[in-house]
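Chemist: What would the 3D arrangement of this be:
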Amino acid sequence: MTQAIQLVDQLKRELKSRGITYAQLAAQIDMSEASVKRMFSQRNMTLERVDQILVATGIELAELTGHFDREQKRLTQLTAKQEAQVVDDPKLFLVAISALNLMSYQEILETYDLKPAELVGLLVRLDKLGFIDLFADNRFKLKVARTFAWIPNGPIMQAFKNNAADFFDSEFAAPDETLALLNARLSPASRAALVDRLKRVAREFSEQHFEDSQLNAAQREPVSLLIATRTWHLKALAPFIRKKAGK
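Modeler: You can find the predicted model right below:
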């Protein structure tokens, strides 16, 4: 993620934390609310426009850029060995996911069948991995960056693949569920554009996760978003593909 995009994202979070709506901002900078919404959703903003927004809202540039250094020092990925340690212990994996879901010590105890001393021991292990900072009163703070991701095809992704049938064992019929399998033949440029849009959806999913963290765990259902695209033929159809000359 470029610093320009980070700047826009942090500005959006700062506006939200101050209770400044897009409608209020639009009135202050002489734009329509729709244009302001589009500007933030597309992350398309000139430095002049950023400066105008800062002046209008009283936000200091240092308040935005100060977050960059802190974010860059955060953990973006575990090592393969660390992931293996986490996934090999179901309870440790559960607490790691709970931490990623921004649940508190008390919320984890209320949600899952873990004893207090047992949970503390698991949190100590995550602290040693550099995944969280654990404090004396059992409070803990997640140390991973917003861009944190499991290793592609690493231990945890392999564990998901091995249990993918459980994820798909659903009709995806609820109002807040969806499943679509689409097939197309696309040019390299179109495929690249598609991947970029999917990555944008993933970033927005992450942003929504952090915005909703202000609510308690009982108000936030666990949601999994699976995004994937690849050049692929169903195995059953592969024998019918004509071999290209020279291959």
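
Chemist: Local confidence estimate at residue 246?
Modeler: We have a pLDDT of 63 for residue 246.

Chemist: meant to ask about residue 76, not that
Modeler: At residue 76, pLDDT is 79.

Chemist: Now for it: which residues touch it?
Modeler: Residue 76 makes contact with 144-145, 147-149 under the criterion CB atoms under 8 Å, 6 or more residues apart in numbering. Bear in mind the C-beta positions are built from the backbone N, C-alpha and C, glycine included.

Chemist: let's see 7 Å
Modeler: Neighbour list for residue 76: 145, 147-148 [criterion: CB atoms under 7 Å, 6 or more residues apart in numbering].

Chemist: now it: how far from residue 202?
Modeler: From residue 76 across to residue 202, the span is 14 Å (CB to CB, to the nearest Å).

Chemist: What of residue 40?
Modeler: On the measure of CB to CB, residue 40 and residue 202 end up 17 Å apart.

Chemist: returning to that earlier point: which of the contacts of residue 76 sits closest to residue 116?
Modeler: Minimum distance to residue 116 across the contacts of residue 76 is 27.0 Å, recorded for residue 148 (CB to CB).

Chemist: Grab the nearest non-local neighbour of that closest one.
Modeler: residue 76 (5.7 Å; CB to CB, 6 or more residues apart in numbering).

Chemist: ok, now residue 10?
Modeler: residue 64 (4.6 Å).

Chemist: For residue 145, see how far away the one you found is.
Modeler: Taking CB to CB, one finds residue 64 at 16 Å from residue 145.

Chemist: Between the two, which is the more surrounded one?
Modeler: residue 64 (19 against 16; other CB atoms under 10 Å).

Chemist: pLDDT score assigned to the more buried one?
Modeler: On the pLDDT scale, residue 64 gets 72.

Chemist: re earlier: of residue 40 and residue 202, give the one with the bigger neighbour count.
Modeler: Neighbour comparison, residue 40 and residue 202: the larger count goes to residue 40, with 17 against 14 (by other CB under 10 Å).

Chemist: For the more buried one, give me its contacts.
Modeler: With CB under 7 Å, 6+ apart, residue 40 has these contacts: 8, 12.

Chemist: Could you export the helix or strand that it is a member of as CSV, CA atoms only?
Modeler: Per DSSP states H and E: residue 40 is located in helix 33-41. The C-alpha coordinates for helix 33-41 follow below in CSV (Å, rounded to 0.1, in the frame of the first residue of the first chain):
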residue,chain,number,x,y,z
GLU,A,33,-21.5,14.7,-0.4
ALA,A,34,-21.5,12.2,-3.3
SER,A,35,-18.2,13.6,-4.6
VAL,A,36,-16.6,13.4,-1.2
LYS,A,37,-17.8,9.8,-0.8
ARG,A,38,-16.4,8.9,-4.2
MET,A,39,-13.1,10.6,-3.4
PHE,A,40,-12.6,8.5,-0.3
SER,A,41,-13.9,5.2,-1.7
